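A.B. asks: Got a predicted structure here, sequence first:
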Amino acid sequence: MLPFVIGILTGLVAAFLMKLSKNSVMRFALMVAILCISVLCGLAVDKFVFHSFSLNYLLVGMAFSATVANSVPEEELAPTLKLYSPILNLSLVIVIVNLGMPLDYRLIAGAGLFTAVYIISRAAGKIGGAYLGGKISKAAPAVTKFLGFTLLPHSGVSLVFTGIAVTTLSAIDPSLASIVSGTIVAAAIINEIIAVIVAKFAFKLAGEIKE
């Protein structure tokens, strides 16, 4: 829970100071500065409490970002995020490339029951959840029918949380960590071949793209 506590507390401080500022450049500087402070808080906890790198800094950043995004008025946040966008894009590229480095396409050949169960369960959850959510919220028919299919491709988020799970399991049972890693890697590769095509057709059927 510590990453969430650190992220939320520093996010509240950042949001409070950003709302006091009328200049988007100053808000941007405050957000980046306090984001760095949130990382330093995590490092301090790791050094003086755990005496090792134990906290998950991705969760610190996610909690910080969610807090700021939900606390700062949209008209003030939008210009700030426009300034932050190049840093965010570069950071995402670095994270995804770093996560993708261990991926081995040869794992497809060894993909077994766990991978099949994962792919089918994930697809059922995406499609069924989007359909149910669309019905409950009385969304447009195109959203209810096709949104779930557009969510099928894997993204860096799944790889991020796979990394978290593998890191946690490695200290408990390395064999389980290996199963999780192999399952998700194989599923990600298979999904990126199939699910992207399915998503494109879903966008066409929903009328979102013409070609």
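C.D. replies: Received, thanks. Residues are numbered from 1 along each chain as shown.
A.B. asks: any idea whether Ile209 is helix, strand or coil?
C.D. replies: Judged by DSSP: H, G, I helix; E, B strand; the rest coil, the three-state class of Ile209 is coil.
A.B. asks: low pLDDT regions in the protein?
C.D. replies: Along the chain, segments meeting pLDDT under 70 span 96, 99-111, 155-157, 211.
A.B. asks: all helices of it, in order?
C.D. replies: For the chain, the helices defined by DSSP state H occupy 2-20, 24-45, 57-71, 74-100, 113-136, 141-150, 156-170, 174-205.
A.B. asks: Other residues contacting the second one?
C.D. replies: Okay, so that is helix 24-45. 2-3, 6-7, 10-11, 13-14, 17-18, 21, 55, 57, 60-61, 64, 68, 72, 76, 79-80, 82-84, 87 (C-beta atoms under 8 Å, 6 or more residues apart in numbering). For every residue, glycine as well, the C-beta is placed using N, CA and C.
A.B. asks: what domains does the record give for the chain?
C.D. replies: 2-100, 105-205 (automatic domain parsing).
A.B. asks: Tabulate the ones you listed (CSV), appending mean neighbour count.
C.D. replies: Shown next, in CSV, are those (neighbours: other C-beta atoms under 10 Å):
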stretch, mean neighbour count
domain 2-100, 16
domain 105-205, 15
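A.B. asks: what's the distance between Leu152 and Leu35?
C.D. replies: 32 Å (C-beta to C-beta, to the nearest Å).
A.B. asks: cool, Lys138 as well?
C.D. replies: 38 Å.
A.B. asks: just Leu83 next, same as before
C.D. replies: To Leu35, Leu83 is 13 Å away according to C-beta to C-beta.
A.B. asks: just Phe16 next, same as before
C.D. replies: In terms of C-beta to C-beta, Phe16 sits 14 Å off from Leu35.
A.B. asks: same check, this time on Tyr131
C.D. replies: Applying C-beta to C-beta to Tyr131 and Leu35 gives a distance of 37 Å.
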